[in-house]
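> Give me a model of this one.
(one chain, ligands or ions: 1)
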Amino acid sequence: MSRLPGRSAFAIDPGLTLLNHGSFGALPREVLAARVRMLRASEADPVGFMARAPAALRAVADRVGRFVGARGRDLVFVDNATAGVQTVLSSLAWRRGDRIVETSLGYAGVRAAVAHVARRHGLVVEAAPVAFPCAGPEAVLDAVVPHLAGARLLVVDAVTSASGLVLPVQALVEAAHARGVAVLVDAAHAPGMIPVDCRAWGADWITGNLHKWAFAPRSCAFLYAHPSRQAGTVPLVASWDVDKGWPVAFDWPGTRDVTPWLASRVGLDWIDRHGAAAIRNRNDALSAWAVEHLSARWGVQPPAPASMRAALATLPVPGALGAQAVGPLHAALRAEGLEVYTVAIEGRAWIRVSAQLHVGEEDIVRLGDLTAAWVASHG
Ligand SMILES: Cc1ncc(COP(=O)(O)O)c(C=O)c1O
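Numbers count the residues shown, from 1 in each chain. The predicted structure is shown next:
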């Protein structure tokens, strides 16, 4: 098998070590170049380019569908996972008192969106408390299932954000459906990081960013709706085709830059060329190595079993530092050219490392040493 591309394949500034691929992704040079070519084409013939866009998007949806286990007609493009979630929340015909279940590990922006919709419609929101550190997938089910009976919607992550845990999505969907609860899977981090199979997951809706781990330009995500849910799922921006229904209603949300959506095909071609499984395996192995190395270097324990981890490795900052350490530690690492996600969870400071092709073991060793030195002088 050919060697996988490394750092030089990416457009990242040579002075920067990007250990936070997870927040916003980073593009291979080839995808960036293809997107720039698309922007040039759209300037060379603005009217012709835009006129061709809706049909072109349907063809790209077929391509994305093959990547995430869905038919193209079951997918629409949205700007990001937040928009995917909001589309579903805004589409449902809520009744006062309806209950939404989320988890305590949910992404804060999505939880804010849920709270916003709840205020507007008089809904009840229950956050199932998932303990972190987490004992295993069973602990997640044990935390969520007691909240399901009588709920209208479960909103649950495929991969949690700050804590970086791969959740047992299929089992959660089955448990919710067995109790008559619809499920929206927030798969913001999933495409490209873990295998995504919309049909097998069985959820009512799944939204996933392509701009994080699938090498699409930023502002590129999909929303999948199960065929039984498509009729009631409407775009946030209603325009010319709104009465044509799913999926066409989503393909012309007014004038916008469609190049991130169109270029997602190029990111997926790039992944296919190098092997989706080969990339995932390499990143998972690097993340496992990071956990082993940093746990030993810092004298800390990983917060979850290896079976709940993919390319994100979240570990406690050594010295049991509190939330106040998060900003200064981030700034100190950034001053050394390391961009890494530092975050407070349950009042403690944590570091989340993203393993991606542009990261090597030597970068993680540096992170370990610099963090240990910073803690020694500030802890
Ligand atoms: C679980 C989860 N949901 C939603 C989001 C939001 O993604 P975006 O800002 O692309 O909408 C993130 C971002 O990291 C996330 O981790």
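> and residue 128, what does it touch?
For residue 128, the contact set (CB atoms under 8 Å, 6 or more residues apart in numbering) comprises 101-104, 143-144, 146-147. All C-beta spots, glycine's among them, are computed from the backbone N, C-alpha and C.
> Selecting buried members of the residues you listed in PyMOL, what would you type?
Typed into PyMOL, the line below selects the buried ones among these, using 16 or more other CB atoms under 10 Å:
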select buried, resi 101+102+103+104+143+144+147
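> restrict the contacts of residue 128 to contacts with the ligand.
With CB under 6 Å from any ligand atom as the criterion, the contacts of residue 128 include none near the ligand.
> between the contacts of residue 128, which is nearest residue 257?
Nearest to residue 257 out of the contacts of residue 128 is residue 102 (CB to CB; 31.6 Å).
> roughly how far apart are the closest one and residue 244?
Distance, residue 102 to residue 244, using CB to CB, to the nearest Å: 32 Å.
> At which residues are the helices of the chain located?
21-24, 29-44, 46-68, 81-91, 108-121, 137-144, 169-178, 198-201, 259-274, 276-298, 326-335, 361-378 (DSSP state H).
> Out of those helices, which gets nearest to residue 162?
Smallest distance to residue 162 across the helices of the chain (CB to CB): 8.4 Å, for helix 108-121.
> centre of the chain versus that closest one, how much separation?
Centroid separation for helix 108-121 versus its chain: 19 Å, with CA atoms, centre = their mean, to the nearest Å.
> can you check stretch 185-205 too?
On CA atoms, centre = their mean, the centre of stretch 185-205 falls 10 Å from that of its chain.
> TSV please, covering the helices of the chain and showing mean pLDDT.
Shown next, in TSV, are the helices of the chain (pLDDT from 0 to 100):
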stretch	mean pLDDT
helix 21-24	98
helix 29-44	98
helix 46-68	97
helix 81-91	98
helix 108-121	98
helix 137-144	98
helix 169-178	98
helix 198-201	98
helix 259-274	98
helix 276-298	98
helix 326-335	98
helix 361-378	97
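> list the buried ones in stretch 312-328?
Of the residues in stretch 312-328, 312-319, 321, 325-326 count as buried by neighbour count, 16+ other CB under 10 Å.
> farthest pair in those residues?
312 and 319 (22.1 Å).
> who in the stretch 201-350 of the chain is up against the ligand?
Residues of the stretch 201-350 of the chain found near the ligand (CB under 6 Å from any ligand atom) are residue 209.
> ugh, wrong one, the stretch 1-150 of the chain
Taking CB under 6 Å from any ligand atom as the criterion, the stretch 1-150 of the chain approaches the ligand at residues 23, 80-82, 107, 109-110.
> and of those residues, the nearest to residue 165?
Out of these, the member with the shortest distance to residue 165 (by CB to CB) is residue 107, at 12.2 Å.
> these two touch, right, that closest one and residue 156?
No. Residue 107 lies out of contact with residue 156 (CB atoms under 8 Å); the separation is 10.9 Å.
> Between these two, which is the more surrounded one?
Using other CB atoms under 10 Å, the more surrounded residue of residue 107 and residue 156 is residue 156, with 27 against 20.
> just how off-centre is stretch 88-104 within its chain?
For stretch 88-104, the distance to the chain centre is 21 Å (CA atoms, centre = their mean).
> buried ones in that stretch?
If you call a residue buried by 16+ other CB under 10 Å, then stretch 88-104 has these buried ones: 88-89, 91-92, 94, 98-104.
> From the contact counts, what lies against the longest strand seen in the chain?
If you go by DSSP state E, the chain has its longest strand at strand 348-354. Packing contacts for strand 348-354, counted by 3 or more CB pairs under 8 Å, 6 or more residues apart in numbering; DSSP states H and E, involve helix 21-24, helix 276-298, strand 312-316, helix 326-335, strand 341-345, helix 361-378.
> Quick one: residues in contact with the shortest one.
Right, the one you point to is helix 21-24. Residues contacting helix 21-24 (CB under 8 Å, 6+ apart): 161, 164, 189, 211-213, 218, 311-312, 341, 352, 354-356, 358-359.
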